[in-house]
Each structure stands twice: as C-alpha cells, then as structure tokens.
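Chemist: sequence first, predicted model second:
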Amino acid sequence: MQGRIIKLISNQYEVLLENQEIVKTIASGKMRIIQSPRAGDIVTIEVREGKHVIVEIKERLNDLNRPPIANVDQMLIVMSAVDPDFSVSLVDQMLVMAAYHNIDPIIIVTKDDLIDPSDPVNEDINDYIKSGYQVIRSGKAYDTSEIEALVANKFTVLSGQSGAGKSTLLNRINPEFEIRTQETSKALGRGKHTTRHVEFMPIGTGWVADTPGFSKIDLTVLSKEDLRDSMLEFKKFSEGCRFRDCYHINEPGCAVTKAVENNEIPRKRYNNYLKHYNEIDDTRKRY
Ligand SMILES: Nc1nc2c(ncn2[C@@H]2O[C@H](COP(=O)(O)OP(=O)(O)O)[C@@H](O)[C@H]2O)c(=O)[nH]1
Ligand SMILES: [Mg+2]
Ligand SMILES: [Zn+2]
C-alpha cells in the first residue's frame, strides 16, 4: 500500500492512503534508523501482526528542514500588511528559500483590512506583483474563495512569522479547524505560541500545513547561482547582459543593474539581493 504522511504524533504517523482512507501507522525500527519519516512523506505500508507499518519512504521531491516537511507543491508566504509590519526583507528571504527548494511561492498579505489605500506599504506589495509574483490580499471578512481554489488538489505549506495570521487564515477558510490563534491563546491565559506540530489539514480537496513559522532562515546553504536564479524579475533583463554568467553586481554591460537604475526593478528587492549575495560570498571565503 502507498500513502502520504499527513500527521505525526510522537511515534505514530497518520497516513492518507490512495483510496482516501486514513490509517494510523508506526515506522519499522529499521526505517527509523535510516531516515525518520516526516509529514508529507510518500510511504509504502505493510500490515504486520495487524498493525500498519511504514517500510519505505519514497525519495523526497523537496524537503524543508525547519519545519520538517516534505513533498509540498507550493508555499503560501503569509505576511501581514501591519502588526507585525510588512517586511520586504523577510518576504525576500522566504522567496529565496522557496526557489531553492523548488517550491512555487504565493504571497498572501494578511490584515489588509487594517491599512488604508494610501499606506506606503502598498507600494512594497505592488512591487511583488510587478516582479511577477502571485499576490493575494486577505483580511477580516475578505472572501477566501481565491485561496481555496489555490490549495485545491495540492499539498501546501504556510510560511510566515509568528503573528502574521496563518492560523487565523486557516480558521477562516474552515471554521471547524479551531486552530489556536494568538487571540485564543491569550484568552486561555497560555503562552504566546500555539502551533505545536506539523500536520496537513484538509481544505476541500487540498491539504494545508500550518507551521510554527521558520525560526531563522539560513540563506548561506544557497549558491550564488541559486540566489540569482530565484529573482523572477531579473529574468526579463538578464538576456541583455554582456556576460552570460553575469551576477548583476558590478559587471560591465549589465542590463539588470541598468533596470534597477531605471526603476524597472524594485530597488529594495535588488538591495536585499546584494545583501544575500554578500552573505553567501563571505561564508564561502571563510572556508
Ligand atoms: N484585523 C485582522 N486581524 C488579523 C488578521 N489575521 C490575523 N489577525 C490577528 O492577528 C493575530 C495573530 O494571528 P495568528 O493567526 O495567531 O497568527 P500566526 O502566528 O501566524 O498563526 C490574532 O490576534 C489575529 O486575530 C486579519 O486579516 N485582520
Ligand atoms: Mg499560528
Ligand atoms: Zn547582469
């Protein structure tokens, strides 16, 4: 039998089988030593002494380490317009991470109800649209059908800092979830954080994992090529660069830096690119 791990509870794994049935499984001892199963894993199951046992983990198409989750089709990058403030730097880091792991990113701007149309943050948000990224605005009482359609028939991971509104978004799409948000935690008088384990939850025909948020995103695992190629807006211009392997730093005849000067590429995004490039460069020099 084959299936997909959708939930982990200590040493038990809930597996969604191809016939949509969900079974509780354990990993064979041998399996756990070779590689520990994680949410999203596609696994082979055998029935041994009346128990469902995971005997094989299929090769992962992608694998995020923090949070431990594998084989996702897309990442919803959840960023609040305000409270906490919209951070181009954080969105850029998550976009680079998604590109590095070969996961399609979609930016969801939450708390749009809390800003007005003249707020300067709108410019940052529109820059992502101009760059070619898919952006959806969300807020209290906003229609969620676009997001629902997006997650249909896919395995999706939510990514975003604590307080961005990830759990609230899922609860709005499916009130039955009753995921603990910061608001409800406060009401219960418990600590600030909330989402404890990684699990996929059903939304219509799709599956979405809320996560405790990425701790610190380590971009230095990337190569300079990975970083450069993750910048969607460079692609339109880089064919015009004199050198085919141009990194768009200070090479002569660079069409990308020219586009930045002409405001055809958002300056903030380019500056973050330079920052990340230098971080990678420094790490490489140290070894
Ligand atoms: N006004 C408004 N408040 C929101 C929205 N989304 C989340 N919040 C509030 O922001 C706080 C943090 O939300 P939560 O879902 O716990 O964030 P998480 O840490 O990303 O899961 C809670 O108090 C929510 O009620 C939104 O779209 N509009
Ligand atoms: Mg949460
Ligand atoms: Zn260039």
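Modeler: That came in fine, so what should we check first? Residues are numbered from 1 along each chain as shown. Ligands and ions are numbered 1, 2, ... in the order given.
Chemist: could you point out which element follows the helix or strand containing Glu123?
Modeler: Per DSSP states H and E, Glu123 falls inside helix 121-131. Using DSSP H and E, the helix or strand that follows helix 121-131 towards the C-terminus is strand 135-137.
Chemist: now do that following strand: everything it contacts.
Modeler: 81, 106-109, 112, 125, 128-129, 146-147, 150 (CB atoms under 8 Å, 6 or more residues apart in numbering). Any C-beta I mention is one placed from the backbone N, CA and C, and that applies to glycine too.
Chemist: same thing but at 6 Å, please
Modeler: With CB atoms under 6 Å, 6 or more residues apart in numbering as the test, strand 135-137 has contacts from 107-109, 112, 128-129, 146.
Chemist: residue contacts, the residue of the stretch 51-200 of the chain found nearest ligand 1?
Modeler: Closest to ligand 1 within the stretch 51-200 of the chain is Gly165: 2.9 Å, counting by CB to the nearest ligand atom. The contact partners of Gly165, by CB under 6 Å, 6+ apart, come to 80, 110.
Chemist: now do 7 Å
Modeler: 78, 80, 110-111 (CB atoms under 7 Å, 6 or more residues apart in numbering).
Chemist: same check, this time on Val121
Modeler: Counting by CB under 7 Å, 6+ apart, Val121 has contacts 81-82, 86, 115.
Chemist: sketch out the strands for the stretch 151-287 of the chain, chain order is fine.
Modeler: Per DSSP state E, counting those that start in this stretch, the stretch 151-287 of the chain carries strands over the ranges 155-159, 199-203, 206-210.
Chemist: mind checking the ones you listed for the one nearest to ligand 3?
Modeler: strand 155-159 (29.2 Å; CB to the ion).
Chemist: which stretches in the stretch 1-150 of the chain count as helices?
Modeler: 29-34, 88-100, 121-131, 145-151 (DSSP state H, counting those that start in this stretch).
Chemist: just the buried positions in the first one, please.
Modeler: Of the residues in helix 29-34, Met31 count as buried by neighbour count, 16 or more other CB atoms under 10 Å.
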